[in-house]
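J.: sequence unknown, structure follows:
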């Protein structure tokens, strides 16, 4: 039996037990996992050093090296995260709805775990701990597959929290990591619908595309965000500038950062010089449409590709549109249904934009950067869904659950 | 451009319009579709005759011929179904949740359509109308692909209701059927995640398996039901007999019918002769485990395959189990997570069964036959989901929706 198949079978078995573990024990385990991270921080840092050395050898980018690094502060941060998850309300066992049929059969729709969650992610080793904590809290078993560059860190983290969880009373094998960095293992995980209930890929567009293309396990797509800020003709220009700069610059490497600025033609002459200068002062590289360039010449010319690109960097595409409708059409064509914002003082424009733009989150007069489980008050998040099935937008604990109907009768039969 | 790709592009375009059509117009259109079916019943019956003739030529089963048949009464039934859907509450526009962030940004989670739904189904042409009605009511565009044996009926039905819908004010191309019976068209539909938001296969296990294996569009698995009735040692035997007979015989060809009877060893000697005689009087063929056979010899011997088979027929597998745990383990191994029932007067046994059996619907002292949107009071249903993602159990209108966050600000940026 392959390693992954074995993991899957063990996970399925564990999931049937974990589904009925009490909130008390799950919370106790989460705190025990946090304690174990702190107690074993030397072992974690040692394993992480191996990854950093290998990363240097492989000449990975500085940004990636930073994301890979674990030190005492970051380990404490992960431990704190687990303790916070222990404080969140347990979604499992909630009676979502309940009613009696005319024949007195009592139906309760109750919240249950999804079962086995497969998580495929890239460099950051803290995801190992964050995701495991959220999955366990919602009664789910998790199979983790982190990026190969963090393999030593991930395996040590998994060993430490998994052992602590079992010792604290959770079933064995609730938290497992795939030990091989062989890519075939991912393919196998994606085809294991008999044992895995859902697959959540967290990472770049190519990873997510590959999972969507190849998985027979149901997938929740996350994260790719080609987000737009549309400055309407009725925009408060100072507000539009502030929001566009925040959405682009506050943290450019994340999915809810803005990638394209759309500007209504009626305000273009006044607004473009102000906003583009502001962006350039913050070292943002600008790719403008011909109209933009005719108004503010010191920008590069945008190509078709720019409209479709998620830069995740200090770069922005800028386009002047004829109308509100033009902005909506552009977003429908190039957007990834993540987060979209209009800046306007016009009631009807705001209403139309929120109704016609098809995205997980649509903002009026606010930055797209708010699309986040923490900001929304959902507690931690396991990712941001950009699909319509099951969960949409920031996914908190409830997104990691399903329901089951339980019906109490006294001999009812169907006639 | 292929026919299916063209359908997909048109559907996507229509979905952006249909999402914002008022309840009033949608209901008007549903009633107009019903009127059109009645007004054109001759055309429908003529097309259906072609299918029936071809069916006879192909020597399809009597049961299938019956499901294929459309007459005036059945057409009236479909029209009535559409009018009933018009009466159901429109789920779109509901504010599911809403709150303010500490910075006064107001977040509303609102219910929106899924977008484009692909439905793949087998013989019964009434599904064409039922599914189209439900999809439209929930603001979704639908691409239908019925069984090739009903192709003439399906195309005429689609034409009639689609024209009526457009005339009544819905966008063009809200209801489309794939016109070719070529299997490659289904494969294409399954890979069209750019234009189709969800695929719902309705039919036998092999159809559903094929969709799960090959689709890149998110899938809602429906229908395969290897359902069990477990007669516990504390069962009221008369009740257990009544429930088992109802679950097996009331309509054996459907997914919520029972396929295996599990009997606790302590009641086997008393119960088995009673229930098995009762089943045989109703022409049920019985496949028993060795213990069953030793108590009641006039049954066939069950093989491993019987435990895993969804007979959809007057056949049942019967197994004596050592304990409640033995019953649960058997169901975990062979069940398809559809509907499972325990018959018992023992409180703890009932509690344990409902908690540990992982299925869309778990019954205590009631027939599995109740798992149905109509019975549950959800109005019509588009199928019964046996997966955990998105929807589980009978799927009414709400299962055909997603949500979107709309946030109203006054210049909020993230710090």
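T.: Happy to help now that I have it. Small disclaimer: the values here were computed from a predicted structure and weren't measured. Numbers count the residues shown, from 1 in each chain, chains lettered A, B, ... in the order given.
J.: can you pull the pLDDT of the residue of the stretch 251-400 of chain A found nearest chain B?
T.: Residue nearest to chain B within the stretch 251-400 of chain A (C-beta to the nearest C-beta): residue A:366, separated by 3.0 Å. The C-beta positions use only the backbone N, C-alpha and C, and glycine is treated the same way. Here, the pLDDT recorded for residue A:366 equals 98.
J.: Could you do residue A:63 as well?
T.: Residue-level pLDDT assigned to residue A:63 equals 82.
J.: close to chain B, is the helix or strand where residue A:120 lies?
T.: Assigned by DSSP states H and E, residue A:120 falls within strand A:116-121. No. For strand A:116-121, no contact with chain B is found by C-beta under 8 Å from any C-beta of the partner chain; the gap never falls below 9.9 Å.
J.: what pairs with the residue of the stretch 251-400 of chain A closest to chain B across the strands?
T.: residue B:412 (DSSP bridges).
J.: list the contacts for it?
T.: A:243, A:341, B:105, B:407, B:408, B:409, B:410, B:411, B:412, B:413 (C-beta atoms under 8 Å, 6 or more residues apart in numbering or on different chains).
J.: 6 Å instead, please
T.: B:105, B:407, B:409, B:412 (C-beta atoms under 6 Å, 6 or more residues apart in numbering or on different chains).
J.: Could you do residue A:248 as well?
T.: Contacts of residue A:248 by C-beta under 6 Å, 6+ apart are A:258, A:316.
J.: ok but it is inside a helix, no?
T.: Yes. Counting by DSSP: H, G, I helix; E, B strand; the rest coil, residue A:248 is found in a helix.
J.: just to revisit the earlier point, from the contact counts, what lies against whichever helix or strand comes after the strand holding residue A:120?
T.: Going down the chain from strand A:116-121, the next helix or strand is helix A:126-137, by DSSP H and E. Using 3 or more C-beta pairs under 6 Å, 6 or more residues apart in numbering or on different chains; DSSP states H and E, the elements in contact with helix A:126-137 are helix A:72-87, strand A:116-121, strand A:141-145, helix A:151-167.
J.: can you put those in TSV and add mean neighbour count?
T.: TSV is the format used below for those (neighbours: other C-beta atoms under 10 Å in any protein chain shown):
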stretch	mean neighbour count
helix A:72-87	18
strand A:116-121	26
strand A:141-145	27
helix A:151-167	22
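J.: Would you agree residue A:75 is in contact with residue A:40?
T.: No. Contact criterion C-beta atoms under 6 Å: residue A:75 and residue A:40 do not qualify, at 8.9 Å.
J.: looking only at pLDDT, what's the mean for stretch A:11-31?
T.: 97.
J.: Report the distance from it to the chain centre.
T.: 23 Å (C-alpha atoms, centre = their mean, to the nearest Å).
J.: okay, the closest residue to chain B within the stretch 101-250 of chain A: pLDDT?
T.: Closest residue of the stretch 101-250 of chain A to chain B, C-beta to the nearest C-beta: residue A:246 (3.6 Å). Note on residue A:246: pLDDT of 98.
J.: contacting residues around it?
T.: A:367, B:413.
J.: Please report how far it lies from residue A:264.
T.: Counting by C-beta to C-beta, to the nearest Å, the gap from residue A:246 to residue A:264 is 20 Å.
J.: same check, this time on residue A:399
T.: If you go by C-beta to C-beta, the gap between residue A:399 and residue A:264 works out to 36 Å.
J.: pLDDT below threshold where in the stretch 51-200 of chain A?
T.: The model of the stretch 51-200 of chain A has no residue with pLDDT under 70.
J.: need the residues of it near chain B, please.
T.: For the stretch 51-200 of chain A, the residues in contact with chain B (C-beta under 6 Å from any C-beta of the partner chain) are A:105, A:114, A:197, A:198.
J.: any chance of those residues in JSON lines, plus neighbour count and secondary structure?
T.: Formatted as JSON lines, those follow (neighbours: other C-beta atoms under 10 Å in any protein chain shown; DSSP: H, G, I helix; E, B strand; the rest coil):
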{"residue": "A:105", "neighbour count": "23", "secondary structure": "coil"}
{"residue": "A:114", "neighbour count": "25", "secondary structure": "coil"}
{"residue": "A:197", "neighbour count": "24", "secondary structure": "coil"}
{"residue": "A:198", "neighbour count": "26", "secondary structure": "strand"}
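J.: Domain parsing of chain A, as residue ranges.
T.: A:3-220+A:395-408, A:227-374 (automatic domain parsing).
J.: The helix or strand harbouring residue A:5 packs against which elements?
T.: Applying DSSP H and E as the criterion places residue A:5 in helix A:3-18. Helix A:3-18 is packed against strand A:116-121, strand A:141-145, helix A:183-190, with contacts defined by 3+ C-beta pairs under 6 Å, 6+ apart.
J.: I would like the residues contacting that helix, please.
T.: Contacts for helix A:3-18 (C-beta under 6 Å, 6+ apart): A:115-116, A:139, A:141, A:143, A:171, A:173-174, A:176, A:185, A:188-189, A:192, A:195.
J.: follow-up on the earlier one: wait, which of the helices and strands packed on helix A:3-18 is closest to residue A:36?
T.: strand A:141-145 (16.4 Å; C-beta to C-beta).
J.: So which elements touch that closest one?
T.: helix A:3-18, strand A:116-121, helix A:126-137, strand A:175-177.
J.: Can you list the buried residues in the longest one?
T.: Going by neighbour count (16 or more other C-beta atoms under 10 Å in any protein chain shown), the buried part of helix A:3-18 is A:4, A:7, A:8, A:10, A:11, A:12, A:13, A:14, A:15, A:16, A:17, A:18.
J.: helices and strands around the next helix-or-strand element following that helix, which ones?
T.: Later in the chain than helix A:3-18, the nearest helix or strand by DSSP H and E is helix A:23-39. Other elements packing on helix A:23-39 under the criterion 3+ C-beta pairs under 6 Å, 6+ apart are helix A:72-87, helix A:151-167.
J.: Any chance of those in a markdown table with distance to residue A:302 as columns?
T.: What follows is the helices and strands packed on helix A:23-39, written out as a markdown table (distance: least, C-beta to C-beta, whole Å):
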| stretch | distance to residue A:302 |
| --- | --- |
| helix A:72-87 | 38 |
| helix A:151-167 | 39 |
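J.: Compute the distance between residue A:252 and residue A:363, please.
T.: To residue A:363, residue A:252 is 18 Å away according to C-beta to C-beta.
J.: higher neighbour count, those two?
T.: residue A:363 (32 against 19; other C-beta atoms under 10 Å in any protein chain shown).
J.: what phi and what psi does the backbone show at the more buried one?
T.: With angles defined as degrees, to the nearest 10, residue A:363 sits at phi -110, psi 140.
J.: Is it correct that it is in contact with residue A:341?
T.: Yes. Residue A:363 lies in contact with residue A:341 (C-beta under 6 Å); the separation is 3.9 Å.
J.: Which of the helices or strands spans residue A:331?
T.: Short version: residue A:331 belongs to helix A:324-334, going by DSSP H and E.
J.: I meant to write residue A:348 there.
T.: helix A:347-356.
J.: Before I go, just wanted to say thanks for your time.
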